[in-house]
Structure formats: C-alpha cells, structure tokens
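K.L.:
only geometry, no sequence info:
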C-alpha cells in the first residue's frame, strides 16, 4: 500500500477528491485544514510525475511513498539552505568582499558540478585574514531560520525521535543553529583561525557526502534502529548519499540535479511539510 500526501496553501478539497477518485484511493484524511491531505492507493499511478508537474504549477507538493513506517525516529538534516535560509560561507564571503565569486562556486558545488572538498577549500581560502568576530556578526545579522524548522524538530523529539544537524558548513554556525532549533547533536567542518583571524583553511577531514552517510550509519547503530527509521532532508549534491540511504530522503527546495535523483521533493512549502509526510496532524505540531 502506498500513501499519497498533498500539501498546498491553500489546498482545494475538490482537487483532492478528484485525484483520489482518479487513482482509486481510500478515504482522504485532512491533516491540516485546507493545507494538507492524505489517502492511500494500492499501486503507484502511471501518471504520477505528470500529475506532480501539473500540481507544481499550482504551488502544490505531491509525495507518494510507502504507507507503512512513515513516522520516523531519526531526523538527519542539512543546515545551509535547509534549516537556515542562507549559505553561511556565502555570507562570510560577502563580509570579506568576495561574495559573488564564492556564491558562484557554492551554487555549482551544490548542484554537483564541482568536487565538494576542492570547492570548499577554494572558498575557505578566499576568507583568509577575515576577523573571527565576523562570524558572530553574520549569525546575528545575516542568518535566518527556515520557517517551520523548530516545529519540525520539536514535534519529532516530543514523539521520541533523535535529531542531528549534519552540515558541510562550519561548527561555528551549526552549534548555534542546533541550539536554537533543539537538535540533539551537530556535526560540521571547523574553520581554523590564528591571532583572531581566519587562516583560510578548514580542519581535516572535511565533512562531505561520505561523512553525512557515516553519521546516518553511526546514529542508527547507536540507537539500534534500521536506516528505514531515518528522515533525511537536504538541498545539495553533498546530501544525496544520506537522502538515498534514509527511509525517507526529502529534497527541500533543492538544486535541479538533486531533485532529479529524489522521489520526495518539497518545493512550495516550509519544513512543517515533513511532519505532514509522516502523517502528523496540524493539532499535533509542537509550536514554540
């Protein structure tokens, strides 16, 4: 049995009923009034992606996944452009006066056009000499949380899940973001500094795609959980490993090359959509 979830703001009830009837689905359950509905179907529809494309044009996200085991016990999340709305290294680069150059490298790396480690080294090298105090300035003035992030983390944790922030970015940022959102742990790269200034280097080993997969493996082993129990979310090419291994891998507002390789895509809604995908109802959300 497969589960169909539609999320839109607003989501038309007639549309949901028409799709349910066309696909021979069971009764529709509304998870959030006029914004999220779900129903089960016996088989994957042949026209799933054609319907998906039509709904995208209406700013509606459609996900079809196994009905059993939708609610997950581990949240494994990327940070940049996922739990926050920016790329931290781009914001640091803007302070260093090399913003456009670094932003271009970031975009290409996240789309899988460049080797992640080499691209990180190149970008970090352009930050050499930047005062470390700029990190706090960027955190205070340039970084904003992705809407719905704290609700996602707190709702899953209230239901017994473990939450880990695993980023190809930097610990100076993940430690703060993890604390704000309530993650149980965070893993990221470390920017090296000396005499109050960035050296232009990151500590080894670099946390990239393989390290995110390793985090998934280690957390599952420590908790005695199967990988199917993991909900992973990210937007870049370095997230593909963990997205592919997790029980549910969500491409959130992701780069084109990432979306092409993921069946679960959220493009028009915030992070609370990941709760709807697990079958949570709006009145079960932990709002804080």
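P.N.:
Received it, and whenever you're ready, just let me know what you need. Predicted model only: the values in this text are computed from it and were never measured. Numbering: from 1, shown residues only.
K.L.:
Residue 245 touches residue 216, doesn't it?
P.N.:
Yes. Applying CB atoms under 8 Å as the test, residue 245 and residue 216 come out as touching, 5.6 Å apart. (Glycine included, C-beta is placed from N, CA and C.)
K.L.:
Which neighbours do these two have in common?
P.N.:
Shared contacts of residue 245 and residue 216, defined by CB atoms under 8 Å, 6 or more residues apart in numbering, comprise 227, 230, 232.
K.L.:
Let me know the closest of these to residue 159.
P.N.:
residue 230 (14.7 Å; CB to CB).
K.L.:
That closest one: how many residues sit nearby?
P.N.:
As a burial measure, residue 230 scores 27 neighbours (other CB atoms under 10 Å).
K.L.:
Tell me where the longest helix sits in this structure.
P.N.:
helix 209-223 (DSSP state H).
K.L.:
Pairing partners for the helix or strand following that one, with directions?
P.N.:
Sequence-wise, the next helix or strand downstream of helix 209-223 (DSSP states H and E) is strand 230-234. Here strand 230-234 is paired, per DSSP bridges, with strand 74-77 (parallel), strand 248-252 (parallel).
K.L.:
Identify the residues contacting the longest one?
P.N.:
It stands for strand 248-252. Contacts for strand 248-252 (CB under 8 Å, 6+ apart): 65, 70, 72, 82, 230-235, 242-243, 258-259, 261-262, 264-266, 271, 274, 277-278.
K.L.:
of residue 245 and residue 216, who's got more company?
P.N.:
residue 216 (22 against 18).
K.L.:
does that one really touch residue 232, like I thought?
P.N.:
Yes. Taking CB under 8 Å as the definition, residue 216 is a contact partner of residue 232 at 6.9 Å.
K.L.:
all strands of the chain, in order?
P.N.:
All strands of the chain, identified by DSSP state E, fall at 2-7, 29-32, 36-41, 61-66, 74-77, 162-170, 185-189, 191-194, 197-202, 230-234, 248-252, 264-266.
K.L.:
Can you tell me the closest non-neighbouring residue to residue 90?
P.N.:
The spatially closest residue to residue 90, leaving aside those adjacent along the chain, is residue 103, at 4.7 Å (CB to CB, 6 or more residues apart in numbering).
K.L.:
thinking the one you found is in contact with residue 92, fair?
P.N.:
No. Here residue 103 lies out of contact with residue 92, judged by CB under 8 Å, at a distance of 11.0 Å.
K.L.:
Compare these two and say which one has the larger neighbour count.
P.N.:
Applying other CB under 10 Å to residue 103 and residue 92 shows that residue 92 carries more neighbours, namely 28 against 17.
K.L.:
pLDDT value on that one, please?
P.N.:
What the model reports as pLDDT for residue 92 is 95.
K.L.:
residues in contact with it?
P.N.:
Residue 92 sits in contact with 127, 130, 134, 135, 138, where contact means CB under 8 Å, 6+ apart.
K.L.:
that older thread, wait, which of the shared contacts of residue 245 and residue 216 is closest to residue 204?
P.N.:
residue 232 (24.6 Å).
K.L.:
gap between the residue in the chain sticking out farthest from the centre and residue 129?
P.N.:
In terms of distance from the mean C-alpha position of the chain, residue 195 ranks first, at 35.1 Å (CA atoms, centre = their mean). Taking CB to CB, to the nearest Å as the measure, residue 195 falls 10 Å from residue 129.
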